[in-house]
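A.B. asks: Got a sequence here, can you build the structure:
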Amino acid sequence: MTNQKTPVSIALDKLEIPHRVFRHPGKVNSLEQAARERGQRPEQVIRSILFRTGQDQYLMALVAGPAQIKWGALRAYLGQSRLTMADKDEVLKVTGYPIGGVSPFGTTRKLRLLVDPSVFAEKNISIGSGVRGTTVILKSEHLKRALGEVELVELIKGQLPNAR
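C.D. replies: Sure thing, here's the model as predicted:
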């Protein structure tokens, strides 16, 4: 644990959102390892995933745990047949963060944000801090308040009773 500030903790401080910064002791190789070191289960780790939806057009999706996004449902929701995950260079350029540190807060540009309901299913969660190997831990109710208005969309398989 550390009190060292990160881009995301600074953004959350400005929003007066309670949180704490956690620095991993070494390299993180998996979501499961990250959760274990944080004293969490994988479902408490929120992933921020950047998608390219068109020429220089992007959106971010937030999902909890290791479950995969349902591409068909995402395409149908967006009303488009083509989209791809952004590559590591695009992620850094668009968010300002390296893969492994991506967060919806303090990004280089304003992004459309889709949030799977699983993100708010756990009481305590962790999100990217803007720095690889470091995370921000907070309550899901505080994350919800910090995010403000988002598009709540079922994006993943097997996390919710009504998932298709």
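A.B. asks: what does the lowest-mean-pLDDT helix or strand in the chain rub up against?
C.D. replies: Every helix and strand in the chain was compared by mean pLDDT, DSSP states H and E; the lowest is helix 71-78, with a mean of 90. By C-beta atoms under 8 Å, 6 or more residues apart in numbering, the residues outside helix 71-78 that reach it are Phe51, Thr53, Leu59, Ala61, Ser81, Arg82, Leu83, Leu114, Val153, Glu154, Leu155, Arg164. In short, each C-beta sits where N, CA and C put it, glycine included.
A.B. asks: The chain: strands as residue ranges?
C.D. replies: Shown for the chain, the strands assigned by DSSP state E span residues 20-23, 46-54, 57-64, 84-85, 112-115, 124-128, 134-139, 151-152.
A.B. asks: For the residue nearest to the spatial centre of the chain, list each beta-bridge partner.
C.D. replies: Computing the C-alpha centroid of the chain and ranking residues by C-alpha atoms, centre = their mean puts Ser48 first, at 2.5 Å. As for beta bridges, Ser48 partners with Leu62 under DSSP bridges.
A.B. asks: What does the pLDDT read for it?
C.D. replies: pLDDT for Ser48: 97.
A.B. asks: so where's the chain shaky on pLDDT?
C.D. replies: Filtered on pLDDT under 70, the chain yields the residue ranges 1-3, 157-164.
A.B. asks: switch the cut-off to 90
C.D. replies: Applying pLDDT under 90 to the chain flags the ranges 1-4, 67-68, 71-73, 76, 81-82, 149, 156-164.
A.B. asks: which residue lies farthest from the center of it?
C.D. replies: In terms of distance from the mean C-alpha position of the chain, Ser81 ranks first, at 23.5 Å (C-alpha atoms, centre = their mean).
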